[in-house]
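In: turn this into a structure:
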Amino acid sequence: MSYKTLVIGCSGSVGLDFIEINKDKNTLYFSRKKPKTIKRENWSYLNFDRSIKNLPTKVDKIFFFASPYYKVKNLKKKVFLKELNWLKKITKKVDTRIFIYLSSSSVYLKNHPVGTAKLICENYLSKNKKDTFLQIWRPYNLIGDKNSNLSDHFHNILIKKFCIEKKKTHNFKKSDNDEHGYSSMKKFCKFMIKKSNLKKNFVYDYGNSKTIKVFQIAEIFKKIFQLNFKKSKIEYTFNSNLNNINTIKSNKVAKSFDTKENSYSIIKKYYLKKIGLYEK
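Out: Just a heads-up that it's a prediction; the model follows:
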């Protein structure tokens, strides 16, 4: 079968929801680990540190989601610059009409290791796109519940500390008044797929201006945690007075889409599904 679309890095948080949303049967998925929701004939093993000979040489679209996982131990520029080598390999191997690249809102943060590396990758793609339409996405705080491998974002640190490590107390190195605007991963994937049909170059910010404060996230977690772990009581503190607002803003450099979703509902739904998985 001749495939028209490639999805590189389908076993991560974005990739798993993308699989569920994508209705294009002419899609071939690549990753190091096969997701359970893909038929064997629609998936192929890919490790950029080894041979990539199984990639086709010409397709209509490439969705590139491959990236080092967001964990504290990986938060180094040299770790995320592995992505640049992966991009070089695939762009030299495969010709495509449209290349969709998943970047990050961290490009707007000064000296952030992920943002710095992502900008370098964006610049490489921009300079080497030739006759390809390049579509770059910079999402803020996406929430999907398909991936069992928890990132080190705050909403998951709560799960790690209290559900997995079984701690009774924890001091977080951030302000309780920090704000995050959360967006549904599924809605993002739908929007991205729709926009991928445009024969245009663009850079898109995607996020939610309706924020929720960190202490509210922690309280949602605590209530749901204590429903599942009925005999356990937990306490937490925050030790920073520097408030950070992590949400989409108007930007002259990129187009933007404000989902205006209910961050409270998104987080509550996420915890209702996730926390019970760790109850023993």
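In: quick one, helices of the stretch 1-150 of the chain?
Out: For the stretch 1-150 of the chain, applying DSSP state H, counting those that start in this stretch gives helices covering 13-21, 77-80, 82-93, 113-127.
In: relative to G207, how far out is K130?
Out: In this view, K130 and G207 are 30 Å apart by Cβ to Cβ, to the nearest Å. In this view, the C-beta of every residue, glycine as well, is placed from N, C-alpha and C.
In: out of these two, which sits in the more crowded spot?
Out: G207 (27 against 8; other Cβ atoms under 10 Å).
In: point out the most buried one among the helices of the stretch 1-150 of the chain.
Out: helix 13-21 (a mean of 21; mean count of other Cβ atoms under 10 Å).
In: still on that earlier bit, out of the helices of the stretch 1-150 of the chain, nearest to N147?
Out: Relative to N147, the nearest member of the helices of the stretch 1-150 of the chain by Cβ to Cβ is helix 13-21, separated by 4.4 Å.
In: what's that closest one in contact with?
Out: For helix 13-21, the external contacting residues (Cβ atoms under 8 Å, 6 or more residues apart in numbering) are 7, 9-10, 29, 31, 35, 37-38, 63, 65, 102, 142, 144, 146-147, 151, 185-186, 188-190, 192-193.
In: got it, and stretch 50-63?
Out: Residues contacting stretch 50-63 (Cβ under 8 Å, 6+ apart): 2-8, 18, 28, 30, 44-46, 89-90, 93-100, 102, 192, 196.
In: for that stretch, which residues meet the burial criterion?
Out: I52, L55, V59, K61, I62, F63 (16 or more other Cβ atoms under 10 Å).
In: could you give the bridge partners of the third one?
Out: The one in question is V59. Beta-bridge partners for V59, by DSSP bridges, are T96.
In: can you pull the contacts of S265?
Out: If you count contacts by Cβ under 8 Å, 6+ apart, then S265 has nothing around it.
In: looks to me like it is in a strand.
Out: No: under DSSP: H, G, I helix; E, B strand; the rest coil, S265 falls outside any strand and is assigned helix.
In: state the distance from it to N197.
Out: For S265, the distance to N197 - Cβ to Cβ - is 29 Å.
In: try K222
Out: For K222 relative to N197 (Cβ to Cβ), the value is 43 Å.
In: between the two, which one's more packed in?
Out: The residue with more neighbours, out of K222 and N197, is K222; 17 against 9, by other Cβ under 10 Å.
In: remind me which residues of the stretch 151-280 of the chain are low pLDDT?
Out: Scanning the stretch 151-280 of the chain with the threshold set as pLDDT under 70 gives 280.
In: returning to what we had before: can I get the buried part of the contacts of helix 13-21 as one ChimeraX selection?
Out: The ChimeraX selection below is limited to those of these classed as buried (16+ other Cβ under 10 Å):
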select :7,9,10,29,31,35,38,63,65,102,142,144,146,147,151,185,186,188,189,192,193
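In: what pLDDT does I136 get?
Out: I136 carries a pLDDT score of 98 in this model.
In: for the closest residue to it other than its chain neighbours, pull up the helix or strand it's in.
Out: Leaving aside its sequence neighbours, I136 sits nearest to V203 (Cβ to Cβ, 6 or more residues apart in numbering; 4.5 Å). Secondary structure here is read from DSSP states H and E; on that basis V203 sits in strand 202-207.
In: what's the following helix or strand after that strand?
Out: Per DSSP H and E, the helix or strand that comes after strand 202-207 is strand 212-213.
In: just checking, what packs against that following strand?
Out: Packed against strand 212-213 by the contact rule (3 or more Cβ pairs under 8 Å, 6 or more residues apart in numbering; DSSP states H and E) you find strand 179-180, helix 263-274.
In: list the pairing partners of the following helix or strand past the first one within its sheet, with orientation.
Out: Read it as strand 179-180. Heading C-terminal from strand 179-180, the first helix or strand you meet, by DSSP H and E, is strand 183-184. Sheet partners assigned to strand 183-184 using DSSP bridges are listed as strand 142-143 (parallel).
In: which residues touch the residue lying closest to S67 once chain neighbours are set aside?
Out: Once flanking residues are discounted, S67 sits nearest to E83: 5.5 Å by Cβ to Cβ, 6+ apart. Going by Cβ under 8 Å, 6+ apart, E83 touches A66, S67, P68, A117, K118, C121.
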